[in-house]
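Trainee: Model the following, please.
(one chain, ligands or ions: 1)
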Amino acid sequence: AATGNIEVKSAVCRYCGCGCGVLVSVADGKVIQVAGDPDCQSNLGLNCIKGYYLGSLLYGENRLTKPMIRDDAGTKGTGEGLREAEWDEVLDLVASKLKETWKNDKSRLAFWGSGQQPITEGYLQSKFWKAGLLSNNIDPNARMCMASAVVGFMNVFGTDEPAGCYSDIDNADVFITWGANMAEAHPMLFSRVSARKLADENVKHIDITTLKTRTSTDAEHVLLFRPGTDLAITNCIMNYLIKNDTYDKQFVADHLQFKMGTENIGYPYEDGYDKSDIGSKVDETTPCTFEEFAARLEDYTLEYTSNLSGVSQEDLQMLIDVFSDPELRVMSLWTMGVNQHHRGTWMNHNLHNLHLISGKYGKPGCTAFSLTGQPSACGTAREVGTFCHRLPADLVVKNPVHRRYTEAVWDLPEGYLDAIETPGFHTIKMFREMSKGNIDFLWSAHNNWAQSLPNLTRFLGMDGEHEGIFDTFIVVNEVYPTITCDYADVVLPAALWVEREGQFGNAERRTSVFQKCVEPMGEAKWDVWIMMQIAQRVLEGEKIGDADAFDHLFGFIWDKEAGDFIGDDRETNRAIWEEYRIFSNPEMKDTVAAINTENNMHMEAKQLAPYDEYIEQHGLTWPVREVDGKWLPTKWRFTYGDQAEGYDQIGIEMYGQQGLANDMSFYKTPDQKPSVVFRPYEPPAEEPDADFPFWFCTGRLLEHWHTGSMTRNVAELDRALPEALLNMNPADMEKLGLKDRDRVRVTSRHGSFEITVSNAGRTEPPEGLVFAPFFARETLINLAVHDYYCPLSKETDYKKTCVQIEKA
Ligand code: SF4
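Mentor: Numbers count the residues shown, from 1 in each chain. Here you go, the predicted structure:
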């Protein structure tokens with residue numbers, strides 16, 4: 001029982017991309033309760049089971065509370081060999097190894113970040129790496145989560161921002177989930193879908209999926225499709241919208257431009273690195289007419305598409321009818337099934353194409369909405385530029401204007417950042433290079449890559465060929481022991497969630513602050529403290545112009561003499577945020593949500609509000625505008641407020657330009673027209689054959705977050721789902737002579753693992769497909785998953801490895 005006063009502070013959930021606001025009750029220096037925050041407009045007070053038990057996350061008995069060092073590299077991968085150390089010893093060691101690599105050959109150092117780092121931490125990490133070390137070898141785990149969505153947005157709208165928001169859910173008539181198990185991966189948003197359906201019995205949900213999930217159980221229609229053929233399905237719908245003259249002719253005429261894209265783009269795998277242009281906003285396209293675009297769709301007949309995808313012609317016709325009905329407000333929702341896809345960028349693009357052609361865009365309830373996986377994949381990875389090709393606020397290293405602008409904000413000499421005009425290693429390139437022995441120093445923060453990466457057989461050196469991991473000096477910031485710690489030379493215990501203050505940015509671009517509520521456990525430290533300690537040591541004696549390099553970059557928050565922050569957590573975060581906020585200058589047209597100054601639009605927009613507004617208002621979606629001294633968020637982009645007659649309380653929440661056709665303005669495209677590009681069906685990198693007859697699909701389940709490194713240390717969640725199972729169709733089990741709960745060995749061309757099989761698990765795969773979640777370290781399923789990736793986004797396809805299965 002609490003003996004002192006109970007204090008309640010606002011925060012954001014630590015786990016998924018829904019970004020639920022929570023209220024944290026603190027007494028006697030401990031978190032005693034967490035509840036949904038009714039004032040957060042993203043979740044309106046809702047939480048899922050993970051949110052309910054958030055407080056327990058801090059107090060698992062295995063919390064890392066002391067720095068650790070490995071003295072004998074020969075113990076790597078054994079689960080032994082780490083000893084406790086003092087902070088000074090550890091920081092000196094890490095800094096000396098980093099500096100040595102940097103001075104010898106900076107192409108051999110790398111940082112792998114996370115969509116789970118708060119915004120200000122990601123911003124500062126990016127500044128340290130790009131301006132401090134002049135290295136682009138920095139990428140986040142978000143590369144494996146939503147890079148395809150980013151490139152999709154950039155290809156269509158010239159900007160990485162959604163037209164819609166979570167409030168679309170409250171206005172839609174039809175929901176279509178595309179390869180998304182929302183009920184488990186985005187539970188709070190799925191609750192909003194359910195609430196909308198309960199409020200109006202005419203509202204329907206169509207689940208287009210490769211296997212039945214908990215999401216399917218709530219749907220009126222479940223359309224099972226053959227993996228990878230969703231591209232053909234979307235093309236088929238568009239083909240008949242045009243053929244039947246039921247597309248939105250006015251919208252097409254007013255707003256869209258049509259293009260052909262590059263085709264037959266291959267499967268980057270054995271060559272180790274494809275040559276495609278990672279730093280560009282768009283892939284190569286050539287303009288075409290609407291008629292030429294329509295002609296390419298003609299191959300996607302009902303008969304062809306049905307035969308290819310396995311979806312009946314009647315069900316395809318139902319989809320065509322939905323998109324043909326001008327009265328229906330349709331919301332498409334997707335996440336990893338579309339992003340982790342051999343043509344992830346194309347499939348993202350095609351969902352936008354479909355909604356644009358049918359005019360189901362720009363009206364509340366009508367949108368193609370890309371869900372994100374992590375709490376700050378949008379805020380930290382996408383917005384502040386922790387990618388190997390980006391700078392803060394959507395700027396890219398390859399663009400000289402962007403480099404000049406970044407130099408101005410960071411007060412660097414003109415031309416200073418020309419040293420980083422070439423993008424560095426994207427995630428898979430980074431780990432392929434490490435596996436080949438070409439990375440000497442790797443630092444990773446808040447990700448468990450030795451469990452979450454695909455093709456672990458290669459990356460953990462278990463194929464007998466790629467053993468670079470044993471020669472790389474590996475530093476890990478973590479909160480609980482993981483498999484990655486087993487390969488680390490140094491483990492740095494990090495402050496967790498509300499043990500420090502920070503911000504997350506969620507899928508609808510809501511930036512929210514989580515306030516500091518309690519002190520870090522043991523000797524755990526805030527990642528920014530760790531970063532500053534190491535940066536101070538590495539940059540000792542370095543100059544930028546005549547100035548001391550460290551002071552020049554970080555002196556605004558850090559006192560070198562004291563070896564500590566100048567202010568407290570709040571003041572430090574505010575100072576970093578205010579610097580980042582300069583990047584959102586509305587006159588710099590390429591930055592997040594900024595205007596296109598050539599169009600002279602919305603000069604009043606500031607995009608990002610002062611730090612304390614985010615605490616007071618329980619989060620704000622950008623762009624924000626200051627009107628009569630109040631900071632107002634945006635919900636719907638590309639649409640002027642007055643056009644949505646009949647919808648209450650929209651007004652200023654819409655962000656577009658009045659006076660254009662239908663008051664729509666796609667403000668980041670040169671001529672205000674999104675690009676509809678023809679995206680053909682191309683088969684997956686692997687398809688089942690006699691040797692490897694099953695599709696293997698992987699994913700998340702409700703109770704566990706990613707690799708379970710946190711949720712398995714929450715006793716209630718671990719008890720609720722203690723074991724990862726391979727779900728298999730009963731007919732397939734019978735054919736292989738398997739019984740429920742038999743142990744099986746799953747083998748692909750890339751590796752193998754053992755697991756318990758079940759026909760009574762959380763998912764119901766069709767014949768020929770099996771599913772397993774990746775949360776359990778004892779069933780390391782990614783040993784078998786391939787690392788082919790979408791050549792445009794470099795995001796790998798975790799959904800379509802081909803495997804054989806035998807009794808273990
Ligand atoms: Fe909300 Fe996701 Fe946290 Fe659940 S895990 S409370 S849905 S943010």
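Trainee: which parts of the stretch 101-250 of the chain sit against the ligand?
Mentor: Residues of the stretch 101-250 of the chain lying near the ligand by Cβ under 6 Å from any ligand atom: 187, 188. Backbone N, C-alpha and C define where each C-beta goes, glycine included.
Trainee: Where do the helices of the stretch 101-250 of the chain begin and end?
Mentor: 119-127, 143-157, 182-185, 187-199, 214-217, 230-243, 249-255 (DSSP state H, counting those that start in this stretch).
Trainee: continuing past the last one, what's the next helix or strand?
Mentor: With elements assigned by DSSP states H and E, the helix or strand that comes after helix 249-255 is strand 257-261.
Trainee: Mean confidence (pLDDT) on that next one, please.
Mentor: For strand 257-261, mean pLDDT rounds to 95.
Trainee: And for stretch 144-155?
Mentor: 92.
Trainee: Give me the distance from it to the chain's centre.
Mentor: Relative to the chain's own centre, stretch 144-155 is displaced by 9 Å; criterion: Cα atoms, centre = their mean, to the nearest Å.
Trainee: Can you show me the CA trace of that stretch as CSV?
Mentor: Provided in CSV are the C-alpha atoms of stretch 144-155 (Å, rounded to 0.1, in the frame of the first residue of the first chain):
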residue,chain,number,x,y,z
MET,A,144,12.5,-3.8,-41.1
CYS,A,145,9.1,-2.5,-40.1
MET,A,146,7.8,0.4,-42.2
ALA,A,147,10.5,1.4,-44.8
SER,A,148,8.2,0.2,-47.6
ALA,A,149,5.4,2.5,-46.3
VAL,A,150,7.8,5.5,-46.3
VAL,A,151,9.0,4.9,-49.9
GLY,A,152,5.3,4.3,-50.8
PHE,A,153,4.3,7.7,-49.4
MET,A,154,7.2,9.4,-51.0
ASN,A,155,6.5,7.9,-54.4
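Trainee: Name the residue of the stretch 701-808 of the chain that lies nearest to the ligand.
Mentor: Nearest to the ligand in the stretch 701-808 of the chain, going by Cβ to the nearest ligand atom, is residue 705, at a distance of 7.0 Å.
Trainee: now do the stretch 351-500 of the chain
Mentor: residue 375 (6.6 Å).
Trainee: Contact partners for residue 674?
Mentor: 156, 157, 255, 256, 257, 352, 356, 666 (Cβ atoms under 8 Å, 6 or more residues apart in numbering).
Trainee: Please parse this structure into its domains.
Mentor: 7-57, 68-135+377-506+510-579, 169-257+284-373, 694-785 (automatic domain parsing).
Trainee: Ends of the second one, what's the gap?
Mentor: When the termini of domain 68-135+377-506+510-579 are compared using Cα to Cα, to the nearest Å, they are 34 Å apart.
Trainee: Kindly report the same for the last one.
Mentor: Distance between the two ends of domain 694-785: 13 Å, counting by Cα to Cα.
Trainee: Does the residue of the stretch 351-500 of the chain closest to the ligand lie in a helix or a strand, and which?
Mentor: Per DSSP H and E, residue 375 falls between elements, in no helix or strand.
Trainee: Can you tell me the closest non-neighbouring residue to whichever residue of the stretch 51-200 of the chain sits closest to the ligand?
Mentor: Per Cβ to the nearest ligand atom, residue 51 is where the stretch 51-200 of the chain lies closest to the ligand, at 2.5 Å. Leaving aside its chain neighbours, residue 51 sits nearest to residue 13 (4.8 Å; criterion: Cβ to Cβ, 6 or more residues apart in numbering).
Trainee: The one you found reaches residue 375, doesn't it?
Mentor: Yes. Between residue 13 and residue 375 there is a contact at 6.7 Å, judged by Cβ atoms under 8 Å.
Trainee: Mutual contacts of these two, please.
Mentor: With Cβ under 8 Å, 6+ apart as the test, residue 13 and residue 375 both reach residue 19.
Trainee: re earlier: mind putting the helices of the stretch 101-250 of the chain into JSON lines with mean neighbour count?
Mentor: JSON lines is the format used below for those (neighbours: other Cβ atoms under 10 Å):
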{"stretch": "helix 119-127", "mean neighbour count": "27"}
{"stretch": "helix 143-157", "mean neighbour count": "27"}
{"stretch": "helix 182-185", "mean neighbour count": "24"}
{"stretch": "helix 187-199", "mean neighbour count": "19"}
{"stretch": "helix 214-217", "mean neighbour count": "18"}
{"stretch": "helix 230-243", "mean neighbour count": "24"}
{"stretch": "helix 249-255", "mean neighbour count": "16"}
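Trainee: Next, format those helices as CSV and append distance to residue 637.
Mentor: Listed next are these as CSV, based on distance: least, Cβ to Cβ, whole Å:
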stretch, distance to residue 637
helix 119-127, 20
helix 143-157, 9
helix 182-185, 22
helix 187-199, 19
helix 214-217, 27
helix 230-243, 23
helix 249-255, 14
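Trainee: Out of those, the one nearest residue 539 is which?
Mentor: For those, proximity to residue 539 was assessed by Cβ to Cβ; helix 119-127 is nearest, at 11.8 Å.
Trainee: So which elements touch that closest one?
Mentor: Judged by 3 or more Cβ pairs under 8 Å, 6 or more residues apart in numbering; DSSP states H and E, helix 119-127 is in contact with strand 109-113, strand 138-140, strand 502-505, helix 527-538, helix 549-554, helix 569-582.
Trainee: who wins for proximity to residue 389 among these?
Mentor: Residue 389 sits nearest to strand 138-140 of all the helices and strands packed on helix 119-127, at 8.8 Å, using Cβ to Cβ.
Trainee: now what about that closest one, what contacts it?
Mentor: 110-115, 117, 122, 125-126, 129-130, 377, 380-381, 386-388, 424-427, 430, 447.
Trainee: again, only using 7 Å
Mentor: Here strand 138-140 makes contact (Cβ atoms under 7 Å, 6 or more residues apart in numbering) with 111-115, 126, 129, 381, 386-388, 424-427, 430.
Trainee: Low-confidence ranges, this protein, go.
Mentor: Scanning the chain with the threshold set as pLDDT under 70 gives 1-4, 268-283, 586-606, 641-653, 657-659.
Trainee: Please identify the residues of it in proximity to the ligand?
Mentor: The chain has residues 13, 15-16, 18-20, 43, 47-48, 50-51, 187-188 near the ligand, with proximity defined as Cβ under 6 Å from any ligand atom.
Trainee: before we move on, back to that, may I ask which of the contacts of strand 138-140 has the most neighbours?
Mentor: residue 381 (32 neighbours; other Cβ atoms under 10 Å).
Trainee: Okay, the residue lying closest to residue 788 once chain neighbours are set aside and residue 438: tell me how far apart.
Mentor: Distances taken as Cβ to Cβ, 6+ apart place residue 685 nearest to residue 788, at 3.9 Å, with adjacent residues excluded. Using Cβ to Cβ, to the nearest Å, residue 685 is found at 24 Å from residue 438.
Trainee: Can you pick out the residue with more neighbours from the two?
Mentor: Under the neighbour definition other Cβ under 10 Å, residue 685 and residue 438 were set side by side, and residue 685 has more, 21 against 17.
Trainee: What ranges does the stretch 601-750 of the chain have for its strands?
Mentor: 620-621, 625-627, 630-632, 636-637, 654-655, 675-678, 694-699, 725-728, 743-748 (DSSP state E, counting those that start in this stretch).
Trainee: Over to the stretch 401-550 of the chain?
Mentor: Under DSSP E, counting those that start in this stretch, the stretch 401-550 of the chain gives strands at 441-445, 473-478, 490-493, 502-505, 510-514, 543-544, 547-548.
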